[in-house]
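1. I would like the atomic coordinates for the input below:
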Amino acid sequence: MKTNSQRKNIKIALMTSDLTQLDIAWELKVHPQYVCDVIAGRKRSAKVENLIALRTGLPVESLFVYRNTGE
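-> The predicted model follows:
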């Protein structure tokens with residue numbers, strides 16, 4: 001599970017890009033709760049993580065730190 005600061009960083013990245021979790025869910029045609037679970041670290045999804053990184057313009061490894069460590 002992600003730390004609170006990691007979740008906040010992801011949410012800030014979405015807000016500064018004028019995006020919401022719902023925007024990501026609609027684009028991927030998944031349930032908004034699924035996106036929330038990925039951001040919270042309860043689930044992992046490369047497609048959600050990659051889209052958030054793409055749309056925010058930030059490296060996926062900086063948003064989802066466990067991708068660096070291979071956990």
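2. what residues sit buried inside the helix or strand harbouring Leu54?
-> Using DSSP states H and E, Leu54 sits in helix 46-56. Buried residues in helix 46-56, counted by 16 or more other Cβ atoms under 10 Å: Val48, Glu49, Leu51, Ile52, Ala53, Arg55, Thr56. Glycine gets a C-beta too; all of them are placed from N, C-alpha and C.
3. so what's Asp37 up against?
-> When contacts are counted by Cβ atoms under 8 Å, 6 or more residues apart in numbering, Asp37 touches Lys43.
4. and the residue nearest to Thr20 when sequence neighbours are not counted, how many neighbours does it have?
-> Nearest non-adjacent residue to Thr20, counting by Cβ to Cβ, 6 or more residues apart in numbering: Leu14, 6.6 Å away. Around Leu14 there are 20 other residues, counting by other Cβ atoms under 10 Å.
5. which strands or helices does the longest helix seen in the chain pack on?
-> Counting residues, the longest helix in the chain under DSSP state H turns out to be helix 4-16. Judged by 3 or more Cβ pairs under 8 Å, 6 or more residues apart in numbering; DSSP states H and E, helix 4-16 is in contact with helix 32-40, helix 46-56, helix 60-63.
6. quick one: contacts for the closest residue in space to Ala25 that isn't next to it in sequence?
-> The spatially closest residue to Ala25, leaving aside those adjacent along the chain, is Pro32, at 4.2 Å (Cβ to Cβ, 6+ apart). Neighbour list for Pro32: Gln21, Leu22, Ala25 [criterion: Cβ under 8 Å, 6+ apart].
7. how does it look with 10 Å?
-> Counting by Cβ atoms under 10 Å, 6 or more residues apart in numbering, Pro32 makes contact with Thr20, Gln21, Leu22, Asp23, Ile24, Ala25, Trp26.
8. make a PyMOL selection of the buried ones in those.
-> PyMOL command restricting the contacts of Pro32 to the buried ones, with burial defined by 16+ other Cβ under 10 Å:
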select buried, resi 21+23+24+25
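9. ok so, going back, redo the helices and strands packed on helix 4-16 as JSON lines? Include distance to Asn4 and mean pLDDT.
-> Below are the helices and strands packed on helix 4-16 laid out as JSON lines (distance: least, Cβ to Cβ, whole Å; pLDDT from 0 to 100):
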{"stretch": "helix 32-40", "distance to Asn4": "10", "mean pLDDT": "95"}
{"stretch": "helix 46-56", "distance to Asn4": "18", "mean pLDDT": "96"}
{"stretch": "helix 60-63", "distance to Asn4": "14", "mean pLDDT": "89"}
